[in-house]
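**Student:** Build me a model:
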Amino acid sequence: MTSTISQKHPRGLYVLFFAEMWERFSFYGMRAILLLFLLDNVRGGMGLEAAEAAAVYGLYTSSVYLLTLPGGWLADNILGQKKAIWYGGIVIMLGHIILAIPGGTSTFFIGLVTVAIGTGLLKANISSIVGELYPEGGARRDAAFSIFYMGINLGSVLGITIVGYLGQKINWHMGFGAAAVGMLLGLVVFHFGSKKYLKGYGEVPPVKISTPESDAKSGSEKKLGYGLVAMLVLFLSALQLKGLIDMTTAQGLAQGAGIIIVTVSLFYFIYILVAGGLTPVEKKRIYVLIVFFLAAAIFWSGFEQAGSSLQIFAERYTQRTFGGWEMPSSWFQNFNGTFILIFAPVMASLWIFLSAKGYNPATPVKFAIALLLVGAGFFIMEMASKIAVTGQLASPLFLTFTYMVHTIGELCLSPVGLSSYTKLAPKRYVSQLMGIWFVAASLGNLIAGLFAGGFDEENLQQMPALFQQVTLFSVGFGVLLLIFWKPVKNWMGGIQ
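**Tutor:** Predicted coordinates:
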């Protein structure tokens, strides 16, 4: 099977596969223990209240993806994707080293910020190069992203298992140190592999030829860009002064960050539509990307509760003792990565098979299916929470089946979305728009963190209703997308 795949896909894909695998080892490994470290007041953790800890968690995971937007801009305009990946990896490694050093609150938050900055520089750009390897697009590119996605989740499984065990069972900072080692291995793979198999890809952007007309147009675009930034700052300042947001506390900052993310995304889409120099066909494709952005944000707001509300449910309300051995609660997050490794090759083959038969579902339909599945997963959790409110521990099978359903939904949305953004984005904006794709994940992560902060141990009766909200919202948007999938597909301008 391996030889067959190698004939179909360039070897550069596997360089990116293993580089991303080790980067995700560090990211998901650290994420698995982050909320637990923030809550812990026994073994040297931060000892924060649940609402504050969940807000910090949501801020971190959302900022990681929000920073892919400036990371994409730097790659498109200054560094090129390869250099952005290299420098981003170095910064991530330094951030994990800082987290591995036992210190005060300031040291910890400096480490978190450093990891977020590095991830913002790396994440969108490595996906952009995967798309660059397949200029013809089509189902083959979708299949490549499914293979690439296996690397992400193999790293996730290894990271959660190793970092989760070291952090929960031995020492929190040893877990953070293991994440730094993982990123170092990713840098080694990328440095040597890209020299041989990624020549000509992700290079420094070409110097633009300057003419009086292009200079005038560029000047007007810059003025509009500066104007939009000024409007954004004024808008957020007004919200703060009016007391509609309070960015002086972790929870207030998390809630304010949601408004910031939505506003930044809106302003960016306005900018690219008004001053991006797009053709009518390209503008319609941007409208499609906006629809996909909204669908992805809703999907991730449910899915990313793996590290927040589902982590709390695993820790406090799930049976984890088997024959006298207690499983670390962070290991439940491994179900997602394990199911990805099982189902990703199946889904990749399925898209190619259906495409050959003329039955490959349109991308909007795949997104709709993903939303319906994440809603179904939270329906399962609603059933589990009804057991928890009686004072009994829920069976681990509830979380197991939830992760399985969510994983199949993820495979309908995430690799397909990555591929679609590289296909639909105008070439000159590809890394920036890949950044926007991850900003959707940023918004979803933030909502997931705030949702977990709503868990009140004094009022467990609310839990089923909280899970039901996610079900209804996800299913509702999924049904809406199913109704309007044909117009959305037509706006794609023939791109499959």
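
**Student:** what pLDDT does F313 get?
**Tutor:** At F313, the model reports a pLDDT of 86.

**Student:** do the one 10 residues further on as well
**Tutor:** pLDDT recorded at G323 is 84.

**Student:** low pLDDT regions in the stretch 51-200 of the chain?
**Tutor:** Residue ranges of the stretch 51-200 of the chain with pLDDT under 70: 136-139.

**Student:** Which parts of it are strands?
**Tutor:** Counting by DSSP state E, counting those that start in this stretch, one finds no strands in the stretch 51-200 of the chain.

**Student:** Can you show me the helices along it?
**Tutor:** Per DSSP state H, counting those that start in this stretch, the stretch 51-200 of the chain carries helices over the ranges 68-74, 81-100, 105-132, 138-165, 172-197.

**Student:** Looking at those, which is nearest to Q333?
**Tutor:** Q333 lies closest to helix 138-165 among those, at 5.1 Å (C-beta to C-beta). Where you see a C-beta, it was placed from the backbone N, CA and C, and this is true even at glycine.

**Student:** So which elements touch the closest one?
**Tutor:** Judged by 3 or more C-beta pairs under 8 Å, 6 or more residues apart in numbering; DSSP states H and E, the packing partners of helix 138-165 are helix 2-8, helix 12-39, helix 105-132, helix 172-197, helix 334-357, helix 396-424.

**Student:** so which of those helices comes closest to K486?
**Tutor:** That would be helix 396-424 among these, by C-beta to C-beta, at 16.4 Å.

**Student:** if we can go back for a sec, make TSV from the helices of the stretch 51-200 of the chain and add mean neighbour count and distance to S309 to it.
**Tutor:** Compiled in TSV, those are given as follows (neighbours: other C-beta atoms under 10 Å; distance: least, C-beta to C-beta, whole Å):
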stretch	mean neighbour count	distance to S309
helix 68-74	24	24
helix 81-100	23	24
helix 105-132	22	21
helix 138-165	23	17
helix 172-197	20	22
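
**Student:** Tell me which of the helices and strands packed on helix 138-165 lies nearest to R320.
**Tutor:** Here helix 396-424 is closest among those (C-beta to C-beta), at 6.9 Å.

**Student:** Which positions within that closest one qualify as buried?
**Tutor:** 396, 398-399, 401-424 (16 or more other C-beta atoms under 10 Å).

**Student:** same question, stretch 372-391
**Tutor:** Buried, per 16+ other C-beta under 10 Å, within stretch 372-391: 372-382, 384-385, 387-388.

**Student:** Low-confidence stretches in the stretch 301-450 of the chain?
**Tutor:** 307, 445-446, 448-450.

**Student:** mind running it again at 90?
**Tutor:** For the stretch 301-450 of the chain, applying pLDDT under 90 flags the ranges 301-317, 320-363, 385, 388-391, 411, 414-450.

**Student:** what's the closest of the helices of the stretch 51-200 of the chain to A238?
**Tutor:** Nearest of the helices of the stretch 51-200 of the chain to A238, taken as C-beta to C-beta: helix 68-74 at 22.7 Å.

**Student:** Can you give the distance from the closest one to the centre of its chain?
**Tutor:** 15 Å (C-alpha atoms, centre = their mean, to the nearest Å).

**Student:** I would like the residues contacting it, please.
**Tutor:** Defining contact as C-beta atoms under 8 Å, 6 or more residues apart in numbering, one finds that helix 68-74 is touched by 84, 88, 119-125, 128, 264, 268, 431-436, 438-439, 442.
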